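Chemist: Sequence first, then the predicted structure:
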Amino acid sequence: MKLLLLGKNGQVGWELQRSLSVLGDVVALDRDSQDHCGDLTKLDALALTVRRLRPDIIVNAAAYTAVDKAESEPELAHAINALAPEVLAREAQHLGAWLLHYSTDYVFDGSGKQPWVETDATGPLNVYGRTKLEGERRIAAQCERHLILRTSWVYSARGGNFIRTMLRLAQDRARLTVIDDQHGAPTSAELLADVAAHVVRQVTVSPGRKDLAGIYHLAAAGETTWHGYATHVLEQARLLQPTIGMVATGADPVASEAFATAARRPLNSRLDPAKMQSAFGLSLPPWQQGVDRVLAEIL
């Protein structure tokens, strides 16, 4: 089996290089790749890459994810998050291939307190969310064998992330100020990649399983706020490394309005993964488990 992975050097893409490697021959690309085009802004070259490689599976972990910057770069965000996925979907359909694509809780308006299910009405609050939602719709319209995994609050040990930011700030400030009215589940790139490999295996064991195509919510179990997330990080860091030397004694909760941002964020980012767990026989771990693993790696 041949797999084409796009966005190989992102948080999720990096982990996918590992998790997909046991399934077959993985061609992993990013926007700087030389032999084949992995740049999602070059639509014709992207289509040609798929035609030349003829993969059985396309996994798209590339996206425009700079949420605030997207407000001033809507055309670029649209090209990467909507037009490029449509190209991948169209080419996958021609090949009879599966397309697995990552999306986001930002397709919802963040209202209410209940976890979102796949059939809930969408209503993105910002350019990023609107372009990701359009990408979902273009994929569904072009490709029968599509798997769209919506997730939230992604982090990894690689690159910049919320955990590293909290640890860095805790070295210099006596108290941290963290948002306490946005709710979700921190979800590790490692979990997203491992589940993707499991899902790909399931749909390719029986090539006719088009009934598994569709949108799924994928997030770690449980929920918290950014403040609760930060508090857990600081407490666990002290347990793992008592001599870490953090100045901060804790974090103070504040409303989202305390931080001015170009893009509005949803207050409710809870995602219900019941459909995913039922369809693919999964039991998703609590969010604290992944955070603790990454902390142990970082520290």
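Modeler: Yep, that arrived. Numbers count the residues shown, from 1 in each chain.

Chemist: Looks like residue 296 contacts residue 239 (just checking).
Modeler: No - the pair residue 296 / residue 239 is not scored as a contact, 10.2 Å apart, by CB atoms under 8 Å. In this view, the C-beta of every residue, glycine as well, is placed from N, C-alpha and C.

Chemist: Show me which of these two is the more surrounded one.
Modeler: Using other CB atoms under 10 Å as the criterion, residue 296 and residue 239 rank with residue 296 on top: 13 against 10.

Chemist: Excluding sequence neighbours, find me the nearest residue to that one.
Modeler: Spatial nearest neighbour of residue 296, chain neighbours left out: residue 240 (6.0 Å); criterion: CB to CB, 6 or more residues apart in numbering.

Chemist: likewise residue 101?
Modeler: Looking at residue 101 with CB to CB, 6+ apart, the closest residue is residue 60, at 4.6 Å.

Chemist: got the residue ranges for the strands in the stretch 51-200 of the chain?
Modeler: Here the stretch 51-200 of the chain has its strands, by DSSP state E, counting those that start in this stretch, at 57-60, 98-104, 146-151, 154-155, 175-179, 183-184, 187-188.

Chemist: and the second one, what does it pack onto?
Modeler: Of the remaining helices and strands, those touching strand 98-104 by 3 or more CB pairs under 8 Å, 6 or more residues apart in numbering; DSSP states H and E are strand 57-60, helix 84-95, helix 127-142, strand 146-151, helix 189-205.

Chemist: The shortest one: how far from the chain's middle?
Modeler: What it means is strand 57-60. Distance of strand 57-60 from the chain centroid (CA atoms, centre = their mean, to the nearest Å) equals 14 Å.

Chemist: Can you give the contact residues for that strand?
Modeler: The contact list for strand 57-60 (CB atoms under 8 Å, 6 or more residues apart in numbering) reads 1-7, 16, 20, 23, 50, 84-85, 88, 91-92, 97-102, 196, 200, 204.

Chemist: at 7 Å what do you get?
Modeler: With contacts defined as CB atoms under 7 Å, 6 or more residues apart in numbering, strand 57-60 is touched by 1, 3-7, 16, 20, 50, 85, 88, 92, 97-102, 196, 200, 204.

Chemist: what's near enough to touch the residue nearest to residue 296?
Modeler: Taking CB under 7 Å, 6+ apart, one finds 295-296, 299 in contact with residue 240.

Chemist: right, and the helix or strand after the helix or strand residue 232 falls within?
Modeler: Assessed by DSSP states H and E, residue 232 sits inside helix 226-240. Toward the C-terminus, helix 226-240 is succeeded by strand 250-254 as the next helix or strand (DSSP H and E).

Chemist: That next one: what's the following helix or strand?
Modeler: helix 274-280.

Chemist: and that following helix, what other elements does it pack with?
Modeler: Counting contacts by 3 or more CB pairs under 7 Å, 6 or more residues apart in numbering; DSSP states H and E, helix 274-280 is packed against helix 189-205, strand 214-217.

Chemist: Which among the ones you listed is found nearest to residue 127?
Modeler: strand 214-217 (20.8 Å; CB to CB).

Chemist: okay, the closest one in CSV with CA atoms only?
Modeler: The C-alpha trace of strand 214-217 is given here as CSV (Å, rounded to 0.1, in the frame of the first residue of the first chain):
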residue,chain,number,x,y,z
GLY,A,214,-17.7,10.8,6.7
ILE,A,215,-16.9,13.2,9.5
TYR,A,216,-15.7,12.1,13.0
HIS,A,217,-14.9,14.0,16.1
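
Chemist: Enumerate the positions of that strand that are buried.
Modeler: For strand 214-217, the neighbour count (16 or more other CB atoms under 10 Å) marks 215-217 as buried.

Chemist: And stretch 107-119, by the same measure?
Modeler: 107-110, 115-116, 118.

Chemist: One more: stretch 135-150?
Modeler: 135-136, 138-139, 142-143, 145-150.

Chemist: sorry, back to before: tell me how far the residue nearest to residue 296 lies from residue 298.
Modeler: Remark: distance between residue 240 and residue 298 (CB to CB, to the nearest Å) = 9 Å.

Chemist: what's the closest of the helices and strands packed on strand 98-104 to residue 11?
Modeler: When the helices and strands packed on strand 98-104 are compared by CB to CB, helix 189-205 sits nearest residue 11, at 4.2 Å.

Chemist: Point out the other helices and strands that the closest one packs with.
Modeler: helix 11-19, strand 57-60, strand 98-104, strand 146-151, strand 154-155, helix 274-280.

Chemist: Please state the mean pLDDT value computed over it.
Modeler: Regarding helix 189-205, the rounded mean pLDDT is 95.

Chemist: ok, now stretch 149-160?
Modeler: 92.

Chemist: what distance separates that stretch from the centre of its chain?
Modeler: Here stretch 149-160 is found 6 Å from its chain centre; the criterion is CA atoms, centre = their mean.
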